[in-house]
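> Whatever this is, show me its structure:
(chains A and B)
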Amino acid sequence: MVRKVAAERKLWISRDYLKCSGCRRCEIACSLHHEGQIWPEASRIRVFMLVPGVEIPHFCAQCREYYCVNACPFEALSVDEKTSAVIVDKNKCTACGACIKACPGKIPHIHPKENYALICDLCKGDPKCVKACEKAGFNALRLVKEFPSIHRSLFARTPEDLTCDVAENLYAEKAEEVI
Amino acid sequence: MVGGYAGKFLEIDLTSQKISETRFPNEILRQYIGGRGLGTRILWDRLGSKWEEIDPLGPENLFLALTGPLTGYFHGARICITGKSPQSNGIIGSTVSGEFPIELKCAGWDGIIISGRAEEPIYLLIDNEDVQIKNAKHMWQKDGKTTLRILIKEVREELGKRYAKHGVLKEPGILYNGPAGDNCVRVAAVLQKWSHAAGYGGYGAVMGSKNLKAIVAKGTGPLPAVAYPEKLEKLLEKYENVVLSEERDRVRRWGTGYAGYEVGADRSSEPIRNWQEEWHDEKSIGGPRFDLRYWVKRYWGDYGCAITCMKLAVVKAGPYKGAITDNPDYELEAYLGPNLGVFDAGGIIYLSSLIDELGISGINGGNLLAFTAELFEKGILTKDDLDGLEPKWGDVDSLAELAKRITNRKGRYFNILAEGTYRAALKISELKGINVLPYAVHVKGVEVGAHGIRSDEDYTHDICYACSVQGGDHTSTVRDAYDDMNTVFHDSAVYCAVIAWGGGLDGLDWEFLKSITGWNITQEEWKKELSHRIIHIQRAAELLGGPDLRWNPSKDDDNPPRFYEPLPSGPFKGSFISKEVIEKRKQEYYEAIGWDRNGIPKSDVLKRLNLQDVDKALEKIR
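Here you go, the predicted structure:
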C-alpha cells in the first residue's frame, strides 16, 4: 500500500471548540475584511450556538479530499497552492449548491445578497479571525503550518453534530435535555 | 438614513394582528438616540396623556425592544426593553445582552413596538422583512431552557426550508420569557440565552400580559452602514487595546463574580439575610471558588465582547447536579447567596439556574425571596400561610420551592408575593395588621441592586437609588445630575456598561457615536441637555404613576427603611446615612437637575428643553 504524503507544509486553522468564548469577533473580523461591513451571515467563519454555551466556530476544514472542489460542476472552486485554502471564483460560481451538498459538514453557504458560495480563503495566508481570537487570548483558533493530514476531514462536520459532542463534554448527562 | 440605524421600527398590534413599520425623524433620533431614550419618548408620545390610567399589565401598555446606534459596533451587544413598568408604574430602561439585537438589525429593524394583547399564546417570527405571528401554546408555562430548545428547533426547521438553497443558516436570535412572565409575576424578566436577563422593570410580566412568549429574529443582511467606516475600524482596534490591557484582567478572568467575597468582606455593602447585615467574611464564595469547581468555560461572551465577564457554570456532582447558569455574576451571587443565607457556591448556582428557568429576575426575585424568608423568621408569615413551606435562611431546597410557588401563583400568599416585594408588603401589612414595610428593600417598587450605601465604601452613595427614575436599579444610580448621565447614554446608545467600567476609554464611546452616526454630539451636550430630557420624561411618568400606586417624592424619594438601621457587624459596624444627609443631598440633586423643592420638574426647565407637553401633564400634580 502506498501512503500519500504531502510534499510540503501548508496552512491550517486549528480549532478548539471548548475554548470558544462565543464573542464572535472572528465573524466581525472576517466580514469586515471580506465585505467591508459587519455581516454575520456573510462571514466565512460563523459561530453557531444551537445551545447556549456551546459555541461552534464553523468554517472550512480544508479536507485533503477537497470534496467541494471536486463536486463543483463549473470549475469555480480551486485549491490555492501556497495556502491549501479553497478559492471561490465569483464569476464562475452559480450558487448551485453542489459544494454544500458535497461537504460532509455543510460548511459552504451562499452569500446572502450575491450569487456565489462563501468558503474560507485563509485571507491569502493571514487569517483575520485567528488574529482576533489570539488578540483576546482565547486561542480557540490558531494558525498552524503542517503537512495536510487526513485528520483535517474530522472537522468537516455539521454544526448539529459538533454541538452534540461539545454539549456532552460541557453538560454531561444534562446535554440530552437541552439539545 | 443616519449611520448605524436600519431606519425602521417594527410595529405590531397583537389585538388586531396588524403588522406595520414606523420611522422616526432624524431629529428625534438625534435627541433620544435609541433604547431607553427613544423608548421614553415613544411611551410618552403615545401614552403620556392618559398615563395614570394605563395598566402596565393591560393591553393598552406597550412592550418595546429597542437597539441603539452603537449596538453591534461598540462591543457588547445589548437590547433595551421598556414600557410602562409593572414595578414602578413609570418607565424603566432595562437592557439585556445577547445576539438578538444583532439579528434584528441585520433583518433591517432598529426595534419593535408591540401593543395590544393576543387572544392566545403566540411568538413572533421575524425573518428579514417577513414577520409572522405564530402559535406558542406548546411552550406556554414551559421553563426557559425548554422554551429555548423548542424554539431553536422549530424555527431552524422553518428557516431551513425557506433558505434551503442558501445552505445552513446560523440560529436566530431569541428574546423570551419564562413561566413567571406567563403568569404576570411582577419580578419576571425578559431573557436571552439561558441566563441573560433584563431584570429591572418587570417586563417579563408585560410580555405575559400580552400572551407574547417570545420574539425570534433572523437577519441575513449586514449591520446598517455607518457614516465613517474607516474611522470605526480604527476605533475598534483602539478600543480593544484598552479593554484587553492588564488592568481589566481581573474582570476578564473572574467576571463580576470576584465580588461575591470582596463586596461583603472589604466594602461591607453586600446584602445578607435581606440586608440585615452587609458584611461577611465567607471565603466559600467568590470568583475563584466558583471557578475551580464549576466553571466549564472561563471566558464566555456575547456578540463582539472581548471582555467576556460571563462564565459558564455547571454543577456535575452532588445535590445540585445538572444546574447550569452563568458565573453567577456578582448580583445573583449576592442575591441568591448571602442575601438568602446561602454561602455555598453549588447552592448559589442551583438557585441561579432555577431562577433563570422560571424567568424571574435574579435581583428582584432574590430580594423577594429574602423578604419572605425574613417574614417567616419573624413569625409574621407562618408555615400555614405558606401551605406547609418553611423558607429558612440557607435552606436551598425550601427557597427553591418558594420561587416555584411564587412563579405559579398557586396559594393565597404566593399569589400576593408574585406582586413583588413592595406590593406584597402593602398587602401583607393589611392582612396581618403588622407593618412589614420596614423589611421591604425597594425604591419606588423596584427592588434595590446588591450594593448597599451604609458603609459608604461602594460606588453607591446616599441618594443614588432614592432619586433615580429607575428606582432600585444599580446600573443607573444618580449622583450629580451630570456625570451620572453616562449610564443613560449606555442604555440609549445601547451597549454594555460593563465595558465602560474601569476608565481608560476616555470618551471612546462618544467617538464611536460620531463615526457611526456622523452626529457631532459632545459629552457636554448629552450630560446637560439630551439626557436631561429623557430623565424629565421618566420622572414625569414615575410621578404620574398609577393606576394601582402613586409616588410622593417627599416620602418616596428615599432609601428603604433598612438602610437607616446602623450596620450591625463588621469593620463598619454602626455605620448608616442619616435622614438629614439624605434630605440635604436630595435637595441638592433636585436643584442640579431642575426639579422644584417637591421633586417635580420645573416649568421653565421643561420649556427650555421644549418639553411643553410634559410640563402641561405635570400641572395636575404641582
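> got the contact list for the helix or strand that contains B:Asp397?
Per DSSP states H and E, B:Asp397 falls inside helix B:396-408. Applying Cβ atoms under 8 Å, 6 or more residues apart in numbering or on different chains, the contact partners of helix B:396-408 are B:178-180, B:183, B:185, B:320, B:340, B:342, B:344, B:347, B:350-351, B:354-355, B:358-360, B:365, B:368-369, B:372-373, B:386-387, B:389-392, B:411, B:414, B:417-418. (C-beta placed from N, C-alpha, C; glycine too.)
> mind listing what the most centrally placed residue in chain A touches?
Nearest to the geometric centre of chain A sits A:Phe59, at 1.2 Å (Cα atoms, centre = their mean). By Cβ under 8 Å, 6+ apart, A:Phe59 lies in contact with A:Ile13, A:Arg44, A:Ile45, A:Arg46, A:Ile107, A:Cys120, A:Cys129.
> Can you list which of the residues you listed are found in helices?
A:Cys129 (DSSP state H).
> closest to B:Asp484 among the contacts of A:Phe59?
A:Cys129 (38.8 Å; Cβ to Cβ).
> what residues are up against the closest one?
A:Ile13, A:Cys26, A:Glu27, A:Ala29, A:Cys30, A:Ile45, A:Pro57, A:Phe59, A:Leu141.
> quick one: it and A:Cys23, what's the gap?
Distance, A:Cys129 to A:Cys23, by Cβ to Cβ, to the nearest Å: 11 Å.
> what do you get for B:Tyr261?
From B:Tyr261 to A:Cys23 the distance is 27 Å (Cβ to Cβ).
> about what we covered before: can you give the distance of the helix holding B:Asp397 from its chain's centre?
In terms of Cα atoms, centre = their mean, to the nearest Å, the centre of helix B:396-408 is found 22 Å from the chain centre.
> Just the C-alphas of it, formatted as PDB.
This file holds the C-alpha atoms of helix B:396-408, laid out as PDB (Å, rounded to 0.1, in the frame of the first residue of the first chain):
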ATOM      1  CA  VAL B 396     -31.700  26.000  49.400                       C
ATOM      2  CA  ASP B 397     -34.500  23.500  48.800                       C
ATOM      3  CA  SER B 398     -37.200  25.400  50.600                       C
ATOM      4  CA  LEU B 399     -36.100  28.700  49.000                       C
ATOM      5  CA  ALA B 400     -36.200  27.000  45.500                       C
ATOM      6  CA  GLU B 401     -39.700  25.700  46.300                       C
ATOM      7  CA  LEU B 402     -40.700  29.200  47.300                       C
ATOM      8  CA  ALA B 403     -39.500  30.600  44.000                       C
ATOM      9  CA  LYS B 404     -41.500  27.900  42.100                       C
ATOM     10  CA  ARG B 405     -44.700  28.500  44.000                       C
ATOM     11  CA  ILE B 406     -44.500  32.300  43.500                       C
ATOM     12  CA  THR B 407     -44.000  31.600  39.800                       C
ATOM     13  CA  ASN B 408     -47.100  29.600  39.700                       C
END
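> Which strand or helix spans A:Arg142?
Assigned by DSSP H and E, A:Arg142 falls in strand A:141-146.
> Same question for B:Asp604.
helix B:603-608.
> Quick one: mean pLDDT for that helix?
In this model, helix B:603-608 has a mean pLDDT of 98.
> so for the following helix or strand past that helix, what's the average pLDDT?
Following helix B:603-608 in sequence order, the next helix or strand is helix B:612-618 (DSSP H and E). Average pLDDT, helix B:612-618: 98.
> B:Ile516 against B:Tyr73, yeah?
Yes: with contact defined as Cβ atoms under 8 Å, B:Ile516 counts as touching B:Tyr73 (5.6 Å).
> which residues are in contact with both of those two?
Residues touching both B:Ile516 and B:Tyr73 (Cβ under 8 Å, 6+ apart) are B:Gly4, B:Val226, B:Leu232.
> Most neighbours among those, which one is it?
B:Gly4 (32 neighbours; other Cβ atoms under 10 Å in any protein chain shown).
> what about that residue, distance to B:Gly72?
For B:Gly4 relative to B:Gly72 (Cβ to Cβ), the value is 8 Å.
> cool, B:Glu157 as well?
From B:Glu157 to B:Gly72 the distance is 27 Å (Cβ to Cβ).
> Which residue of the two possesses the greater neighbour count?
When B:Glu157 and B:Gly72 are compared on other Cβ under 10 Å, the one with more neighbours turns out to be B:Gly72, at 30 against 10.
> on that earlier part again, out of B:Tyr261 and A:Cys23, which sits in the more crowded spot?
More neighbours surround A:Cys23 than the other of B:Tyr261 and A:Cys23, with 27 against 22 (other Cβ under 10 Å).
> gap between the more buried one and B:Trp595?
42 Å.
> again with B:Gln470
Distance from B:Gln470 to B:Trp595, by Cβ to Cβ: 16 Å.
> B:Val185 too?
33 Å.
> between these two, who's got more neighbours?
B:Val185 (34 against 24).
> Contacts only, for the more buried one.
B:Gly204, B:Ala205, B:Gly208, B:Ile360, B:Ile406, B:Thr407, B:Arg409, B:Ala418.
> Out of those residues, grab the one that's most surrounded.
So for the contacts of B:Val185 (other Cβ under 10 Å), the most neighbours sit at B:Gly204, 34 neighbours.
> Surely that one touches B:Asn183?
No: contact status for B:Gly204 versus B:Asn183: not in contact, 9.6 Å apart, counting by Cβ under 8 Å.
> quick revisit: quick one, which of the shared contacts of B:Ile516 and B:Tyr73 has the minimum pLDDT?
Minimum pLDDT across the shared contacts of B:Ile516 and B:Tyr73 falls on B:Leu232, with 93.
> Return the residues in contact with the nearest residue to A:Pro52 once chain neighbours are set aside.
Using Cβ to Cβ, 6 or more residues apart in numbering or on different chains and skipping residues adjacent in sequence, the residue nearest A:Pro52 is B:Lys193, 4.0 Å away. By Cβ under 8 Å, 6+ apart, the residues touching B:Lys193 are A:Pro52, B:Gly98, B:Leu148.
> export these to JSON lines and tack on pLDDT and distance to B:Gly546?
Output for the contacts of B:Lys193, formatted as JSON lines (pLDDT from 0 to 100; distance: Cβ to Cβ, whole Å):
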{"residue": "A:Pro52", "pLDDT": "97", "distance to B:Gly546": "38"}
{"residue": "B:Gly98", "pLDDT": "97", "distance to B:Gly546": "33"}
{"residue": "B:Leu148", "pLDDT": "97", "distance to B:Gly546": "35"}
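> Okay, and which of these map to helices?
Per DSSP H, the contacts of B:Lys193 map to helices at B:Leu148.
> And the residue of the stretch 51-200 of chain B found nearest chain A, how far from B:Gly204?
For the stretch 51-200 of chain B and chain A, the shortest gap (Cβ to the nearest Cβ) falls at B:Gly167, measuring 3.4 Å. With distances taken as Cβ to Cβ, B:Gly167 is found 35 Å from B:Gly204.
> Unless I misread the structure, B:Leu354 falls within a helix.
Yes: remark: B:Leu354 belongs to a helix, assigned using DSSP: H, G, I helix; E, B strand; the rest coil.
> low pLDDT regions in chain A?
A:1-6 (pLDDT under 70).
> could you pull out the strands for it?
A:10-15, A:46-51, A:54-58, A:77-79, A:86-88, A:109-110, A:117-118, A:141-146 (DSSP state E).
> between these, which gets nearest to chain B?
strand A:109-110 (3.4 Å).
> Within its sheet, name the partner strands of the closest one and how each one runs.
Strand A:109-110 has its sheet partners listed here by DSSP bridges as strand A:117-118 (antiparallel).
> Any idea how far the strand it pairs with is from the middle of the chain?
11 Å.
> now stretch B:560-573
The answer for stretch B:560-573 is 26 Å, by Cα atoms, centre = their mean.
> next one: stretch B:542-562
That offset, for stretch B:542-562, works out to 19 Å (Cα atoms, centre = their mean).
> Just the terminal-to-terminal distance for that stretch.
23 Å (Cα to Cα, to the nearest Å).
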